[in-house]
Every structure is written in structure tokens, then in C-alpha cells.
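S.K.: Mind looking at a prediction? Sequence and model below.
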Amino acid sequence: MFSVYKNEQEVISELQKLIEEKANEAIKKRGRFFIGFSGGSLGKYLCKCLPKIKTDWSKWIVFFCDERYVAENDSDSTFGFYKQNLLPKVPLTEQQFVTINVKDPIEKVAADYEKRIREEFKMPDGVPSFDLLLLGIGPDGHTASLFPDHELLTVTDRLIAYINDSPKPPPQRITMTYTLINNARNSIFAVPGNGKAAIIKSIFGDKVDLPAGRANIGTSLKKFANDLGFFTIGDMIRTWDDFIFNGSGIYSEVQALELNHISEMAKYSKNSGSKSKNYRGFKINNTQWNNHNTRRHSNHSDIFAFSDNFQDYYIEFDDSGEDKDDSDDFIVASEQISHVKSIDVQIPSCTASDSWEYPKMMTICLMEIVNPHRFWFTFYDDFKKINELMKEMKNYYEARDHLKVDQKDLQSGLHVAVLYCSLWHRGRILKLKSPDIARIFYTDFGTVEDVPLNRICYLMNDFLQLPCSLKRGVLSFVQPTNGIWSENAKVSFHRCHTKKIEVCIFRKNPKDSSFYMSMKRPGRDSLIADILIKKHFCIYDFDFLSKDVVGGLTFDYYESGNFLDVVELMNQNSLKSWMPSSSQSKKLIDNHV
Ligand SMILES: O=C(O)[C@H](O)[C@@H](O)[C@H](O)[C@H](O)COP(=O)(O)O
């Protein structure tokens, strides 16, 4: 059986169940339980799950799938790790572990280990079958101490080999060979965390021939995996074009019970051996999966896909095709990359400017402009970080369907990812305009817009990390002619800008945290204020810095998005006659459409 777990806890409890099942099955059938431990992060899992197992520990004998050629008290010793971290927790004795004696040369250690295995299995020749091997997969695709492109991969005449040039320190180890590994009744790969996603994909998605892929997953699963067009954790599983069971005797009819959000069911029929079986491939455009129960045929594999909102997961299949009692077991733990679902989650704000002294020369980027006294900007260095973040978001959301925000999760205050002009932005829901339209404040740009649901996705937690560097800006030393900025003034102010603008910030208004600044025309020495004055959009106000900008709507008001409601009212024919039509209100509309 093959399961996907969203977190370590589930992996540990599943490992516990599996190992307990295999141990008690072996003890019942053969009176002993032969198990092989690996080192690495697997050890952490075993030390957590084994103490919970109910078994006759006296029947266990523990070997090592590989062991480092170091003294037991060396921090690299795998036995040393288990002696320190497991023995105190389980009723196993040290004597039940088959360890190595590093006083001997490594060649002798390997030969003696093999001899010991044969003695314990009472098999002077042939290939013993371990009841269970617990294997890890290294970032390079190695397992045990079988490393890529190493000559040990082709060793078939021995059960145990040694290596002096392990790419993973320490360099000297002994290891089970495939001869022994692939004759195990069961093997479990416990591959925790997203860090292993790339290697899992290489082995099973991209068909790269790596050591772990050769270890005991059975030819049918390997061929089976090769035919599956699935993707790795980082890319999310998006579509399964179809299940092509390539005549390896495995076929499966996925009887999808209550599968939600299936965008496409396609029927395929394909000769599988002598039988022609109908089976279905399907695209799933959402993680809201239910269990897919499969009807078992003889010579059949079980297919399980778990949902529970796994945002990142890895699905694998087993190869119980031969219907043998013991199937290869795979466990892949994937930390769930969680997405923002709660309005309590906030994006940290940038506090760098809190300690500034003024006046301060800076380079800024203008983000959103209402008028010269109401604009949003970010410092140029922060703008570069926002660009980087948006590139990451683009990669992550490029096939975003499965991450669309569920209507039930839509609520004001929720941080989301929003598609705008084919770029993904961070946004915060201000309010719901309708069941499938949300009013969004673009966190890094200051824009407010009503957005349809199909452009809104869950924001991945990682994308929260970058503090929000958006700031409020006020052009200093000018007051608008007639007290309100005209549309032309806004256009002219807008035109003065390119991405990078040199400014001198004179003060920060504590009342609304806006920065009062003078701005230079990009690439020129002329001031933007001078340009606006020359065009009669405003007049000089030399007393500007001693007062707070008054008049017009506040930054908070704009950021609340309520002005859009007013604009809507003004634009509704039926209500036009009820809305003030003075030039002031007209300019208000002009400033916001
Ligand atoms: O002693 C060892 O090094 C292990 O037996 C080795 O095969 C390990 O299982 C993999 O390297 C994965 O290790 P991690 O899970 O720590 O990456």
C-alpha cells in the first residue's frame, strides 16, 4: 500500500503500524523477525515510532542495510545512534544488533557481516530474505551505501560489500548489495520532507536511473512509475494524463467515488496481457480529493489518492501486482506546504525607516498614484525584492487551478495571491462584493481592485516572509490649485515617473505614516513640483513641512477600498441624480477611475 502523509506525525504512526504488522507476521510465520535499519534521518523516525510497537521484541534481530566503518562511539556510527537513541526506549538488547568490528580491516568486516547473516538465516548459500528493510534515499538518489555510478551497483556475487570512497561521509562503509536488498520480503523507504522532492522526481518522474530506484520496488512498479506522467512536489501534482499500464500485468480501474472537481474523465481501453480492461485516466484540478477506491482485480495494484487539502504531496503506487503477501512499501513524508487560511496571519511590515533621521536622500519606485498628495511607493532596493518574490510566485502559481481559493475561505482580511496583468501579486481581501468577487488591496502596490474569484489563489506561507515595504508618499511644498487635484494634475504627475526616482524625504507624518518628500524628474535636475506649478496644477507652499496635508481623502480611506463604492454609485445612471454632481465630486471620480 502506498500512502502520502502530510506531516511527520502521520509518517511515524504509519511506520509504526507497518513495522508492527511485518514483525508480528514474520514472528508468527517464522518465529523470528529479520529487519535491516539504515542511518540518516530515518533513524529519527524509527526512534519515535518503534517504542510504540507491540511485538515480541525477543524475536527481533537487527542488521544494518549499511554501516559506517567507524567505532561505535563515533558520532557517525549508525549503531552508535540507535544504541544511544533507541535502546533506552525499547526492550531490545545490544546483542540483538548485528554490529561490525572496526578493529578488523574493512574487507574482513564486510565478509564477516555476510557470514553472520548466513549464520542467522541458517543459509550457507543462496540469498536470504529479510522480513523488512528500512531504507533511506539520499539527495543524490543513493540508498544504503549504494551511490550513483559506483561499481558496487553491479555487484551480484555478494550479500555485503564495502566502500572506501563514499561520497557521503564517512568514506568507508559496508553495505547490503542489491542481491540482498532486492530479495527482501518488504522494504520501506521513509523519505521525509520536501527536500527529497527533487530526487524522488528524478527517480520516478524523470526516469533517471539512480540507486534507490533499483532497490526492490519491483520491475512492475518501476515500469508502472515510468508510465505515469506525474510531477514532483515542487510542481504540485497537476494532471495525470492517464494511467497507462503497459502490459506489465498491472492494470487498474480507478472507480472514482465522489471525486470532486474532476475536470475530465477519459476512458481508455488497452490490451493488458490477454485481458482487455477498461480503465480511466482523469485530470484533477484541485486538491479536494476523496479516496479513490479501486476494485481489486487479480494481479492488480491499489491506487489511493489522499486529499485533506494536501498542498504538496507525492503520490506513489505499489506493485502488489504479483499478489504476494508482502508488497513493497513506500512511505514518503512531505511536509505540507501550507497556505494562508486564517485572517490572523499577517505579512510583516518593514520597520527599517523607523530609525531614520531626516532629511534623507533615497531612490524610490512609485507603485500606485491617486494624486501628488496621495501616492504609494517603495524603496528601490525593496522593489527588487518584490520583483524576485513575484517571479517565485509566477513559477508557483503558473498552474494554479488547484490552489484557487475556495469560496468558503473567502473572508475580509485574508491574504491571498492575486493575478493582475499576468503577474501574481500579494493581496488582502478588503471585502466580498459578491460570492465570487472580492475587493482586494494589493499589499505591495497599494492598488485596490474588485477581483473575480478565478484570479485569486491561496497565498503560500513562504510568500508571506517578505515584509511589506509599501509606503505612503506626499509631494511636498505644493498645494493643489482650487484645493483639489485635477485629473490633469494626476496625469502629469504620473507622466513624470519612471521606475527609479531620486527623492529627498523631509519628514514622516506620525498621524498617517506618510513620507513628505521632494522629487526629482528622473534623469533631470528639475523638480516635479516645479513642473506641476508651471502647468498651474498647484502653487508653492513654503510652510508645507510644518503642517499635515489636509483635504481630500485619507490614505486609510483609499486603502479601505470604500471609495470604489462611491465611484460605483456616481456611475450608476439610476442614482446619478441623487449624487452630488459638483466639480469636486466629479474630480473625486476622476481621481479614482
Ligand atoms: O548511513 C547512511 O548514510 C544511510 O544508511 C543512508 O543510506 C541514508 O539512509 C541516506 O543517505 C538518506 O539519509 P538522510 O535521510 O539523512 O538524507
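M.R.: Cool, the structure landed. Numbers count the residues shown, from 1 in each chain.
S.K.: For the helix or strand that contains Glu21, what is the distance to the chain centroid?
M.R.: Glu21 is part of helix 8-30 when elements are defined by DSSP states H and E. Helix 8-30 has its C-alpha centroid displaced from the chain centroid by 29 Å (CA atoms, centre = their mean, to the nearest Å).
S.K.: Residue numbers of the chain in contact with the ligand?
M.R.: 38-42, 65-66, 78, 136-138, 142-144, 168 (CB under 6 Å from any ligand atom). From N, CA and C alone the C-beta is placed, and that goes for glycine too.
S.K.: Give me the domain ranges for this protein.
M.R.: 2-226, 337-548 (the TED database).
S.K.: Now mean pLDDT too, for those domains, in CSV please.
M.R.: Formatted as CSV, the domains of the chain follow (pLDDT from 0 to 100):
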stretch, mean pLDDT
domain 2-226, 86
domain 337-548, 89
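S.K.: quick one: buried residues of the helix holding Glu21?
M.R.: Within helix 8-30, the residues that count as buried by 16 or more other CB atoms under 10 Å are 10-12, 14-16, 18-27.
S.K.: which among the residues you listed gets closest to the ligand?
M.R.: The shortest gap between the ligand and any of those belongs to Val11, at 12.3 Å (CB to the nearest ligand atom).
S.K.: from the stretch 401-550 of the chain, which residue is nearest to the ligand?
M.R.: For the stretch 401-550 of the chain, CB to the nearest ligand atom, closest residue to the ligand: Asp462, 21.8 Å.
S.K.: List the residues that contact Lys52.
M.R.: Ser13, Gln16 (CB atoms under 8 Å, 6 or more residues apart in numbering).
S.K.: And it, how far from Gly39?
M.R.: Going from Lys52 to Gly39 by CB to CB, to the nearest Å gives 21 Å.
S.K.: Next: Leu92.
M.R.: 17 Å.
S.K.: quick one on the thing from earlier: can you verify the residue of the stretch 401-550 of the chain closest to the ligand is assigned to a helix?
M.R.: Yes: membership of Asp462 in a helix is supported by DSSP: H, G, I helix; E, B strand; the rest coil.
S.K.: if we can go back for a sec, so which of the domains of the chain gets nearest Ser577?
M.R.: domain 337-548 (22.8 Å; CB to CB).
S.K.: Give the buried residues for the helix or strand hosting Val491.
M.R.: Using DSSP H and E, Val491 sits within helix 487-495. Neighbour counts over helix 487-495 (16+ other CB under 10 Å) mark Ala489, Lys490, Ser492, Phe493 as buried.
S.K.: would TSV of these with distance to Ala212 be doable?
M.R.: Formatted as TSV, the buried residues of helix 487-495 follow (distance: CB to CB, whole Å):
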residue	distance to Ala212
Ala489	66
Lys490	61
Ser492	64
Phe493	61
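S.K.: Widest-spaced pair of those?
M.R.: Lys490 and Ser492 (7.4 Å).
S.K.: which residues does Ile35 contact?
M.R.: Per CB under 8 Å, 6+ apart, neighbours of Ile35: Ile19, Ala23, Trp60, Ile61, Val62, Phe63, Phe130, Asp131, Leu132, Leu133, Leu134.
S.K.: gap between the residue of the stretch 151-300 of the chain found nearest the ligand and Ala212?
M.R.: Nearest residue of the stretch 151-300 of the chain to the ligand: Lys168, at 5.5 Å (CB to the nearest ligand atom). Going from Lys168 to Ala212 by CB to CB gives 13 Å.
S.K.: before we move on, the earlier item: out of the contacts of Ile35, which are inside strands?
M.R.: Trp60, Ile61, Val62, Phe63, Leu132, Leu133, Leu134 (DSSP state E).
S.K.: okay, now the third one: neighbour count?
M.R.: By the criterion of other CB atoms under 10 Å, Val62 has 18 neighbours.
S.K.: Among the residues of the chain next to the ligand, which one lies nearest to Pro480?
M.R.: Nearest member of those to Pro480, counting by CB to CB, is Ser41, at 63.8 Å.
S.K.: That closest one is in contact with Leu134, isn't it?
M.R.: No: applying CB atoms under 8 Å as the test, Ser41 and Leu134 come out as separate, 11.7 Å apart.
S.K.: which of these two has more neighbours?
M.R.: Leu134 (25 against 16).
S.K.: got the contact list for that one?
M.R.: Ile19, Ile35, Gly36, Phe37, Ser38, Leu42, Leu46, Cys65, Ser187, Ile188, Ala190.
S.K.: Pull out the buried residues from these.
M.R.: Counted by 16+ other CB under 10 Å, these give Ile19, Ile35, Gly36, Phe37, Ser38, Leu42, Leu46, Cys65, Ser187, Ile188, Ala190 as buried.
S.K.: Tell me which of those residues fall in helices.
M.R.: Ile19, Leu42, Leu46 (DSSP state H).
S.K.: dump the residue contacts of the last one.
M.R.: Listed by CB under 8 Å, 6+ apart, the contact partners of Leu46 are Leu15, Phe37, Tyr82, Leu86, Leu134.
S.K.: Please compute how far stretch 448-458 lies from its chain's middle.
M.R.: Worked out by CA atoms, centre = their mean, stretch 448-458 lies 22 Å from the chain centre.
S.K.: Output it as PDB, restricted to C-alpha atoms.
M.R.: Extracted in PDB, the C-alpha atoms of stretch 448-458 (Å, rounded to 0.1, in the frame of the first residue of the first chain):
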ATOM      1  CA  VAL A 448      -7.500  48.500  -4.800                       C
ATOM      2  CA  GLU A 449      -9.500  46.400  -7.300                       C
ATOM      3  CA  ASP A 450     -12.500  44.200  -7.400                       C
ATOM      4  CA  VAL A 451     -11.300  40.800  -8.500                       C
ATOM      5  CA  PRO A 452     -13.200  37.700  -9.700                       C
ATOM      6  CA  LEU A 453     -12.600  34.500  -7.700                       C
ATOM      7  CA  ASN A 454     -10.800  32.900 -10.600                       C
ATOM      8  CA  ARG A 455      -7.900  35.200 -10.200                       C
ATOM      9  CA  ILE A 456      -7.500  34.600  -6.500                       C
ATOM     10  CA  CYS A 457      -5.400  31.700  -5.000                       C
ATOM     11  CA  TYR A 458      -4.300  30.700  -1.600                       C
END
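S.K.: Would you mark the buried spots in that stretch?
M.R.: Val448, Glu449, Asp450, Val451, Leu453, Arg455, Ile456, Cys457, Tyr458.
S.K.: and the closest residue to the last one other than its chain neighbours, how many residues sit next to it?
M.R.: The spatially closest residue to Tyr458, leaving aside those adjacent along the chain, is His339, at 3.5 Å (CB to CB, 6 or more residues apart in numbering). Other residues near His339 number 23, with proximity taken as other CB under 10 Å.
S.K.: any idea how far His339 lies from the ligand?
M.R.: Distance from His339 to the ligand, counting by CB to the nearest ligand atom, to the nearest Å: 27 Å.
S.K.: Would you confirm that Gly213 contacts Gly141?
M.R.: Yes: counting by CB under 8 Å, Gly141 is a contact partner of Gly213 at 6.9 Å.
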